[in-house]
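# Quick check, what structure comes out for this input:
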Amino acid sequence: MKIKKHVWMPGMTICLALFAFSCNMSKKTTAKSSADYVSYVDPYIGSGEHGHVFVGANVPFGTIQAGPQNIHKGWDWCSGYHYSDSIIIGFSHTHLSGTGCADLGDILVMPFTGEVRTSRGEQDNIEGSCSSYYSHKNEAVSPGYYSLLMDNGVKAELTTTERVAMHRYHYPENQQARLLINLKEGNGDSSYDTYLKKTDDYTIEGYRFSHGWSPQHKVFFVLKSDKPINSLAVFNNDEAAGNDEITGKEVKGVLSFKDNPQDINIKIAISSVSCANALANMNAELPGWDFERVHQDAIAKWNKQLACVRIETQDERAKKIFYTALYHAFIAPTLYCDANGEFRGQDDKIYSNNTWTNYSTFSLWDTYRTLNPLYTIIVPEKVDDIVNSYLSIYDQQGKLPIWHLLGGETNCMPGYSSVPIIADAYLKGFKGFDAERAFQAMTSTATNDKQNGVTYVKEKGYIPCDKIHEATSIAMEYAADDWGTALMAKKMGKTDDYQTYLKRGKYYTQYFDKDINFIRPKMYDGSWRTPYNPFRSIHGVGDFTEGTGWQYTFFVPQHPEGLIELFGGDKTFVAKLDSLFIVEGDMGEGASSDISGLIGQYAHGNEPSHHIAYLYPYAGEQWKTAEKVRYIQDVFYTDQPEGIIGNEDCGQMSAWHIMSALGFYQVNPSNGVFVFGSPLFEKATIRLPEGKSFEITAQDNNKENIYIQSVTLNGQPYDKSYILYEDIMKGGNLTFIMGNTPNKQFGAAPESRPKTAD
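Residues are numbered from 1 along each chain as shown. Down below sits the predicted model:
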């Protein structure tokens, strides 16, 4: 199903037809017990169109993502795999999930038969290569497991621990079993130093160093076979270079096995530190050879993680979509440390004796909006480690992470988006990191002249659009980030810092042109950009990052009340917000491909729009949020490979669905105020620390009854259109009474509306 554009009609709800989509899961039963959350997950969702999700075997937040790799052919292969493809070049051990840029694909192995060869082939011709055609009918994928019977006759099965992958190969009878190790090939990056060595009859070690989206990325590995290795033929790219050991820029090797076995098990462990650490990871996590046990352990880990939310509904399709979203939310960030805690920093130093668990793969411009606030509820045990990982990166590079990937800073996307995440954690009472150190890192990053446009923020209070590309988006993001710093400073008693960053948090007002009621780019001399077309998008070199003036006019998640005031009040604001969902205009030839999932100019396929449907309650019209949110849920989240309307972005797109399905959303990324939308299920129970739980009940909820009529909290009438984080985490019951017509009085009173702390 290819969804490009949708027309909003007030009061409209969509009931999609159910699509039959079968997936041959390994050992998947039709009887689904209450704890069998894995059986609801379909990793194919988002593997088609522009979802870019990882497909393969992993465990929650694992270092290793072991899965199939296609020939990289551009944007839709950012994860290394796309549902439309039919050629496999091997199985690699690092993958991105849902990103808009490509990288990784490290330590590629490919089982094949016949003569020794190393060629990858091309999309239009793989004759004589190691690659193979394949069909989805011979493929199976579920959390912690991947299987494929390739057209070359080899069946491959994969499962993993956190840092080790196990492969089980079944070769055709009476054919010579081979295994290619391809250290040249990544996924859109370039190797610059590679190494292979046979250390004994069962063991290979090596490394792959590469330049890509992450400026420098080092992966060391150890491979063990349960069958004796007869030879390791080594190659410089495709040129034969002897046996057993080689170092070079584009190293490949082919394993041949003694006695030509038909069944071979392979274990591959990786490390950012050394081959010795990779071997230690293997010994710590996967010393044996019991594939089924490893697979069952992976399932158990996924079931434990997915049990953070238990939903009750008769809609099996909705369960599938929801638990797949949860699954996607737990692929990244990824563990970036060895079993002994060591990891390689961006400065190429080895960090050891750490008191926290280190993570990486931080898609912060995306995830600060929903995924990270969601983590504070459903996986609070991860929050302190994530913040400490940010602070470690600050020590390594002199600023907080922007988009950090496995030891490298990509500097991708505007803003310093780790700042609101840290502020949110502190304001919610997380104490497992040094708050003073964190605050110093936040303010140092916000005043770092090497940070794009910060010198203009300090000098002029805005970033001139005739000096820096995407200036308006960058400045608007900084304002949202700085508001979190202000709130943190206030709680810490830092009055001067509070005033400074509150002022900076209100710099969005510098861009509001009251004559046209739009956010508008401003020139160095203080004049407005003229002419100005708020529909126009020019990817990478325009005034806005992956967006238009229409979308960024509502990009004030930190202070919606202030934006309403700029519009002149509730009525004018709501009218403008209504128009966003119906207006039509040409974004131009240079428009960003990321602007997808359009309803008028609302773009659900990209993150700057994600909070917008939740702005109505700030103006007293919560029922309009209910309409928009339920429509988005029904139309843009499906159970098909095309079932995610834009890039998944390391869990953010799924997090919006999860949060919204529960019935609320944190608009301001740093204040713990969750605004009500339209709960999707009859009942949802969130697992909380200390044995507590928070139960959300939606009485009379169905496809038509999308509007909140009234609410009770712990049995008492509750007239607010939002709930506080602290009330959720106490545990208890939130009950929505739903109906098919709006109760326009619910949340309308000023005292019942969500408020931004300042």
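# Skipping adjacent residues, who's closest to Lys458 in space?
Closest residue to Lys458 in three dimensions, ignoring its sequence neighbours and counting by CB to CB, 6 or more residues apart in numbering: Thr447, at 6.8 Å. Where C-beta positions appear, they are placed from N, C-alpha and C, glycine not excepted.
# Just to check, that neighbour is in contact with Ala441?
No: counting by CB atoms under 8 Å, Ala441 is not a contact partner of Thr447; they are 11.3 Å apart.
# Looking at the two, which is more packed in?
Neighbour totals were compared for Thr447 and Ala441, and Ala441 leads with 24 against 13 (other CB atoms under 10 Å).
# wait, is Phe235 part of a helix?
No: the assignment for Phe235 by DSSP: H, G, I helix; E, B strand; the rest coil gives strand, which leaves it out of any helix.
# Name the residues linked to it by a beta bridge.
Note on Phe235: beta-bridge partners Ala240, Lys252, judged by DSSP bridges.
# Report how many residues lie close to it.
Applying other CB under 10 Å, I find that Phe235 has 24 neighbouring residues.
# from memory it sits against Ala241, does it?
Yes: between Phe235 and Ala241 a contact is recorded at 5.6 Å, counting by CB under 8 Å.
# Quick one: residues contacting Thr99.
The neighbourhood of Thr99, defined by CB atoms under 8 Å, 6 or more residues apart in numbering, consists of His52, Cys78, Ser79, Ser363, Asn647, Asp649, Cys650.
# what's the most distant pair in these?
Every pair in the contacts of Thr99 was compared (CB to CB); the two farthest apart turn out to be Ser79 and Ser363, at 12.8 Å.
# Could you dump the contacts of Thr99 into a markdown table with secondary structure, distance to Gly212 and neighbour count added?
Shown next, in a markdown table, are the contacts of Thr99 (DSSP: H, G, I helix; E, B strand; the rest coil; distance: CB to CB, whole Å; neighbours: other CB atoms under 10 Å):
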| residue | secondary structure | distance to Gly212 | neighbour count |
| --- | --- | --- | --- |
| His52 | coil | 16 | 30 |
| Cys78 | coil | 11 | 29 |
| Ser79 | coil | 14 | 30 |
| Ser363 | coil | 16 | 30 |
| Asn647 | coil | 18 | 32 |
| Asp649 | coil | 18 | 31 |
| Cys650 | coil | 17 | 29 |
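# Could I get the residues you listed in a markdown table, plus columns for distance to Ile519 and pLDDT?
Conversion of the contacts of Thr99 to a markdown table gives the following (distance: CB to CB, whole Å; pLDDT from 0 to 100):
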| residue | distance to Ile519 | pLDDT |
| --- | --- | --- |
| His52 | 29 | 98 |
| Cys78 | 30 | 98 |
| Ser79 | 33 | 98 |
| Ser363 | 24 | 98 |
| Asn647 | 24 | 96 |
| Asp649 | 23 | 97 |
| Cys650 | 27 | 98 |
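# Mind putting those residues into JSON lines with distance to Ala102?
Output for those, formatted as JSON lines (distance: CB to CB, whole Å):
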{"residue": "His52", "distance to Ala102": "9"}
{"residue": "Cys78", "distance to Ala102": "4"}
{"residue": "Ser79", "distance to Ala102": "8"}
{"residue": "Ser363", "distance to Ala102": "14"}
{"residue": "Asn647", "distance to Ala102": "12"}
{"residue": "Asp649", "distance to Ala102": "14"}
{"residue": "Cys650", "distance to Ala102": "14"}
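# measure stretch 749-756 end to end?
Between the opening and closing residues of stretch 749-756 lies a distance of 16 Å (CA to CA, to the nearest Å).
# Then stretch 89-100?
Counting by CA to CA, the length from the leading to the trailing residue of stretch 89-100 is 22 Å.
# now swap in stretch 408-428 and tell me
Separation of the first and last residues of stretch 408-428 by CA to CA is 29 Å.
# Name the residue most distant from the centre of this structure?
Asp259 (45.0 Å; CA atoms, centre = their mean).
# Next one: that one, what pLDDT does it get?
Taken from the predicted model, the pLDDT recorded for Asp259 is 92.
# now it: how far from Phe112?
18 Å (CB to CB, to the nearest Å).
# Same check on Pro43?
Pro43 is 25 Å from Phe112, where distance means CB to CB.
# Equivalent analysis for His559, please.
When distance is defined by CB to CB, His559 is 59 Å away from Phe112.
# Equivalent analysis for Glu342, please.
Using CB to CB, we find Glu342 at a distance of 35 Å from Phe112.
# And His217, by the same measure?
In this structure, His217 lies at 27 Å from Phe112, with CB to CB as the measure.
# Kindly list the longest strand within the protein.
Counting residues, the longest strand in the chain under DSSP state E turns out to be strand 190-200.
# Okay, strands next: where are they in the stretch 51-200 of the chain?
67-69, 87-88, 90-92, 108-113, 132-133, 139-142, 145-149, 155-160, 164-170, 177-182, 190-200 (DSSP state E, counting those that start in this stretch).
# Could you do the stretch 651-758 of the chain as well?
Using DSSP E, counting those that start in this stretch, the strands found in the stretch 651-758 of the chain span residues 664-666, 673-676, 683-687, 693-699, 707-713, 716-717, 722-724, 732-739.
# Show me the one of those that comes nearest Thr159.
Across the strands of the stretch 651-758 of the chain, the minimum distance to Thr159, taken as CB to CB, is reached by strand 683-687, at 25.7 Å.
# Residues contacting that closest one, please?
By CB under 8 Å, 6+ apart, strand 683-687 touches 307-313, 377-378, 661-663, 693-698, 728.
# Relative to it, what are the paired strands and their orientations?
Under the rule (DSSP bridges), strand 683-687 has strand 309-312 (antiparallel), strand 693-699 (antiparallel) as partners.
# In a markdown table: the ones you listed, plus distance to Ile270, mean neighbour count and mean pLDDT.
Listed next are the strands paired with strand 683-687 as a markdown table, based on distance: least, CB to CB, whole Å; neighbours: other CB atoms under 10 Å; pLDDT from 0 to 100:
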| stretch | distance to Ile270 | mean neighbour count | mean pLDDT |
| --- | --- | --- | --- |
| strand 309-312 | 31 | 18 | 97 |
| strand 693-699 | 37 | 18 | 98 |
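# Need these in CSV (columns: distance to Arg753).
As requested, these are arranged in CSV below (distance: least, CB to CB, whole Å):
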stretch, distance to Arg753
strand 309-312, 27
strand 693-699, 21
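# low pLDDT regions in this structure?
Within the chain, the stretches with pLDDT under 70 are 1-34.
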